[in-house]
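Q: For reference, the sequence and a predicted model appear below.
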Amino acid sequence: MKKELRSPVSQRPFNAENINKTGIGAEVSIELNGKKLRVPLGRSILDICRDNNIHIPTLCYHEDLCIAGNCRMCLVEVEGMKNLQTACSYPVTSPVKIKTFSNKVRKARKHIVDLMLSEHYGECYSCVRNNNCELQRLAREYGIDSYEFGHVCEPRFEVDDSSHAVVRDMDKCILCRRCVRTCIDLQEVGVLEAVNRGYDTKISTFMDTPLNDVICINCGQCINRCPTAALHANDPSDQIWKAIEDPSKHVILQTAPSPRASIGEEFGLPPGNSMTGQLNTAARMIGFDRVFDTNFSADLTIMEEGTELLGRLKKAIVDKDKSVMLPQFTSCSPGWVKFIEHFYPEKLDYLSTAKSPQQMFGAVLKTFYAEESGIDPADIVTVALMPCAAKKFECNRPEMNSSGFKDVDYGLTTREMAKMIREAGLVLPELPKSSFDDPFGEASGAGLIFGSTGGVMEAALRTVYELVTGRPVPFKDLNIEACRGMKGIKEASVKLENCIEEFSFLEGTDLKFIVAHGTANAKVVMDMLIKGELEGYHFVEIMACPGGCIGGGGQPIPTSESIRKLRAKAIYEEDGASAVRKSHENPKIKYIYEKYFTDGPCGKISHKLLHTKYTKRGKFIN
Amino acid sequence: MNKLFERKNRTGPVLFSEYEKGSAVKKALLTDRDDILLEIRESGLRGRGGAGFPVSVKWMLTAAANSPQKFVICNADEGEPGTFKDRVLLSEYPELVLEGMIIAGYTVGARKGIIYLRAEYSYIKDFLQSKIEEMRSDGNLGKNICGRKDFDFDISIRLGSGAYVCGEETALIESLEGHRGEPRNRPPFPVNTGYLGFPTVVNNVETLASVPHIINKGGEWYHKFGTGKSSGSKLFSVSGDCRYPGVYELQWGITIKELLDLCGAENTKAVQIGGASGICIPESEFSRQISFEDASTGGSVMVFNKNRKMIDVLQNFMEFFTEESCGQCTPCRIGNVKLLEGVNMIRNNEYSLEYIEKLKELGETMKIASKCGLGQTSPNPFISILNNFKDEIFGMN
């Protein structure tokens, strides 16, 4: 499954392995700001400096992306070289002397900040990234107190807010091209690219088409990696405040598992601190009438998706139905769903028809919950706190109105929720903890781990295995380690033995599954499917964002693999501590199938409310 | 035959001297690769595109690289303003260029050569192609060249799309690979990681055309021309205010004065050496030598007489760079615009000398902070014209 990098050679990380092969030796002596050091051969100056606690300013560099070396912020002086060198791209292969803050270096860096500011339109205090902007930070670092080379005073571009998810404000763009590398290399979508030359260079969609009309999957990964506010999410918080302040509206917040694992970062906490209880309190103090746990509908998703999978297996094995598509692909990541609709429209039948937890919850709230609590669904406003930009698009899909209303009114990102909390004058970490509201306040640990890559698979296996065999999954503490971790594509299998009678057709089957995250990896899996290499596999989990939802496009900025790992750890710890850890054992799930979805998972009622259909979009836009 | 491709009556010590078609390839293929490298080293041949990197070092590094595939690229993206000598070589002496490529390929172990022809020279393409066919049918190109069972080499032609920056070797390679023509980070250098990631020699047309003569007559012979540090001859594209503009083959070390006399320039105020990205030399310095160690050039010599306004010249150059910067790195993309703004301020008499000094400092930063040669040299005219023609420019209003 080796993936060939498609980025220009120049932008690929320098391959130190190749140098090692030459046998020169694995280490080299250098002098860094006068200090003698031995460093691994081929390591970049930037990495060496970071190893040694020397701060090098960067802008176009992002640890998730390949090297670009185009902002020139990280310039350092390498003795013997006429020009300054970019620390990010310069591999140390000889005993060099490096100066990281000489007069020459400082002057050049200041000039570069000055130049960037000269074409950066806008003022910091009217910017969504105020206090979390890398350009602002550099301006402070280099003591910028005036616009040395002028400053643009008029906007030059129109803001593109056509997309429900991502807003492009190119007046704030400094052309670091992180978004381009994110879109082309990390996600392999390729919506954004630099066009024109020289001073006219800008980042553009194909022929400057509005973002809503191109093949953007709304994953928002570009937002997470934009150093300024040139890319930001389409913020619905004003409308939400309005709904909250309208006494006739019953405003419900459902919160996904990932925001609670990361929202603390917005309040200065290190990554990996779960804020579940505090977040509930904050939401109530803000004025949400009910706070429900999306994990509940994640459990519901597992019931539906798991049953769908067993149905497909039965049709394929017992009925020998050739029209059944296997493996079944998960459908809870709206970025991934739009990706497959654009890139593999002919493969949509492989996708589970189950809606994502967000949309299932919306449909349940405006039907079952409205009936039970006697509230007119027209007065219910459902808000989904999600780690996701694509959820904003998903809730606006025209087919997502099976309740007769817009099932989910607003998708709110973690960052926007944090903003609302700040606006309300609350300091999240200092708030008391409280639980979710009934009737959807109980959820399993299985629903919780949806937030991390592999979580849906693990949750589904916990349920499917037990439904089929009558026994819990044969892993220590129910932790299916093969599903966990940040490897791009994971695969494993579980043998189904001593099945209960209903599922005797599965006796001895090796249930084979694949977990992939990031659409670049999804592409690898899909290409395997096309080549017929997924023959014999049963279930595939795909998340559009690297790391899964915890690395979603609505999550706090910055992001990196280490941050994503810490967020995932928080989620798995909370799962481990949960009383109920399997979706089918969630008492509220049992309750809703007894009371409302009376013909069971994948029955008629559930099909109407909890399942959906997809659109063959293709790659060509009219 | 088309008149454009007829050889004019040209004379010169090396390139325009007598040459028997095919002779150098035959000789080279009977020579050990290492001996060719030694011969090239002895000749002291340096890259003729402008940077002057020693050819033997480039070839040695590529020859030493361990790789299943290597490439030789002929940089025929002659885009420096005022340079047109490669056009003469390609249309009048194509066999020198093609044979130079074959010898380079043989020496470094490449089997494929690519000519990257600038879009404006597309009219030469068919002619070059016919020369390539001719060499193939003569057995000098293709499989088993000159009967050597272990050496295949073929040449293809690719057209550029008109970007100045694609003359920079890594941008040229990006362009060949189908990407935006933008320079790469160096290191890694093309000799290690070039076209498609394979070791690649990128040489200027004139560099490659010199090789057959060196092979035939020896490195020592070649080294006798020039100044020692700048050995051999150089083609100069002379344009501007002179009676006999055109391409001259002269030895390195000729003074500007001598060159001006040759081309019939009178009443000369300034000479721009090395194209837009070169330096502007005032009359007081006309005794300077044209060589790598003094006034270096890739071939362009532009003559300005006393009727020219230097601020016009400068504005022209800065407008060129503003447009031709690839837009990738900050100092070049925005810096050139700031310098051009400065020129316009001077024109409109809306400047302070303090700000102009600040811009010169910015220019110094651009020289050391830009990603490629374009941004590293584009402040040259700004700094040298403002310094050398102070009185004219700042006293003009």
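A: In hand now; what should we look at?
Q: Nearest residue to the middle of the chain?
A: Using chain A. For chain A, the residue nearest the mean C-alpha position is residue A:552 (1.8 Å; CA atoms, centre = their mean).
Q: oops, chain B please
A: Most central in chain B under CA atoms, centre = their mean is residue B:49, positioned 2.0 Å from the mean C-alpha point.
Q: phi, psi of that one?
A: phi -70, psi -20 (degrees, to the nearest 10).
Q: is it true that residue B:272 touches residue B:280?
A: Yes - counting by CB atoms under 8 Å, residue B:280 is a contact partner of residue B:272 at 5.0 Å. (Glycine included, C-beta is placed from N, CA and C.)
Q: anything in contact with each of the two?
A: B:313, B:381 (CB atoms under 8 Å, 6 or more residues apart in numbering or on different chains).
Q: Excluding chain neighbours, what is closest to residue A:500?
A: For residue A:500, ignoring the flanking residues on the chain, the nearest one in space by CB to CB, 6 or more residues apart in numbering or on different chains is residue A:470 at 4.8 Å.
Q: what sits against residue A:536?
A: With contact set as CB under 8 Å, 6+ apart, residue A:536 has these partners: residue A:512.
Q: Okay, domains of the chain per the record?
A: No chain specified, so I'll use chain A. Partitioning chain A according to automatic domain parsing yields domains covering residues A:9-101, A:114-233, A:250-296+A:358-430, A:305-355+A:447-610.
Q: sorry, should have said chain B
A: When chain B is parsed with automatic domain parsing, its domains come out as B:3-223, B:233-305, B:310-394.
Q: so how far is the shortest one off the chain centroid?
A: Going back to what we said before, that points to domain B:233-305. On the basis of CA atoms, centre = their mean, to the nearest Å, the separation between the geometric centre of domain B:233-305 and that of its chain is 15 Å.
Q: Do me a favour and average the pLDDT over that domain.
A: Mean pLDDT, domain B:233-305: 95.
Q: Now residue 264: which helix or strand?
A: In the absence of a named chain, this looks at chain A. Secondary structure assigned from DSSP states H and E places residue A:264 in helix A:257-266.
Q: Return the list of helices and strands in contact with that helix.
A: For helix A:257-266, the elements it packs on are helix A:276-286, helix A:294-317, strand A:380-386, helix A:414-423, helix A:561-576, judged by 3 or more CB pairs under 8 Å, 6 or more residues apart in numbering or on different chains; DSSP states H and E.
Q: tell me which parts of the stretch 151-300 of chain A are close to chain B?
A: The interface of the stretch 151-300 of chain A toward chain B, taken as CB under 8 Å from any CB of the partner chain, is made up of A:174-175, A:194, A:196-201.
Q: In these, find the pair that's most separated.
A: A:174 and A:197 (17.1 Å; CB to CB).
Q: For burial, what's the neighbour tally of the residue nearest to residue A:500?
A: When neighbours are counted by other CB atoms under 10 Å in any protein chain shown, residue A:470 registers 13.
Q: same deal with residue B:274?
A: Neighbouring residues of residue B:274 were enumerated by other CB under 10 Å; the total is 25.
Q: returning to that earlier point: save the domains of chain B as JSON lines, and put in distance to residue A:159 too.
A: Shown next, in JSON lines, are those (distance: least, CB to CB, whole Å):
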{"stretch": "domain B:3-223", "distance to residue A:159": "25"}
{"stretch": "domain B:233-305", "distance to residue A:159": "37"}
{"stretch": "domain B:310-394", "distance to residue A:159": "22"}
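Q: mind checking which of those domains is nearest residue A:358?
A: When the domains of chain B are ranked by distance to residue A:358, counting by CB to CB, first place goes to domain B:3-223 at 38.6 Å.
Q: so how far is residue A:62 from the closest residue to chain A within the stretch 101-250 of chain B?
A: When distances are taken as CB to the nearest CB, the stretch 101-250 of chain B approaches chain A most closely through residue B:184, which lies 2.8 Å from it. Per CB to CB, to the nearest Å, residue B:184 is found 18 Å from residue A:62.
Q: got a list of what residue A:155 touches?
A: Neighbour list for residue A:155: A:121, A:171 [criterion: CB under 8 Å, 6+ apart].
Q: one step back: between residue B:184 and residue A:62, which is the more surrounded one?
A: The neighbour count for residue B:184 versus residue A:62, taken as other CB under 10 Å, is higher for residue B:184 (27 against 24).
Q: what about residue 241, how many neighbours?
A: Going with chain A. Here the neighbour count serves as a burial measure; for residue A:241 (other CB under 10 Å) it reads 16.
Q: nope, chain B please
A: Summarising burial for residue B:241: neighbours were counted as other CB under 10 Å, giving 22.
Q: Check the secondary structure at residue A:188 for me.
A: In three-state terms, and counting by DSSP: H, G, I helix; E, B strand; the rest coil, residue A:188 is coil.
Q: And the contacts of the helix holding residue A:264?
A: Among residues not part of helix A:257-266, those counted as contacts by CB under 8 Å, 6+ apart are A:270-276, A:279, A:294-295, A:298, A:385-387, A:413-415, A:417-418, A:428-429, A:447-452, A:548-550, A:552, A:554-556, A:563, A:567-568, A:570-571, A:574.
Q: hmm, which helix or strand of chain A has the shakiest average pLDDT?
A: In chain A, the helix or strand scored least confidently by mean pLDDT, DSSP states H and E is helix A:16-21, which has a mean of 49.
Q: what packs against whatever helix or strand comes next after it?
A: For helix A:16-21, the succeeding helix or strand toward the C-terminus, using DSSP H and E, is strand A:27-32. Packing partners of strand A:27-32 (3+ CB pairs under 8 Å, 6+ apart): strand A:35-40, helix A:45-51, strand A:97-99.
Q: Please list all residues in contact with the closest residue to chain B within the stretch 401-550 of chain A.
A: Closest approach between the stretch 401-550 of chain A and chain B, counting by CB to the nearest CB: residue A:520, at 18.1 Å. Residue A:520 sits next to A:3, A:185-188, A:488 when contact means CB under 8 Å, 6+ apart.
Q: quick one on the thing from earlier: relative to residue A:63, how far out is the residue nearest to residue A:500?
A: When distances are taken as CB to CB, residue A:470 and residue A:63 turn out to be 46 Å apart.
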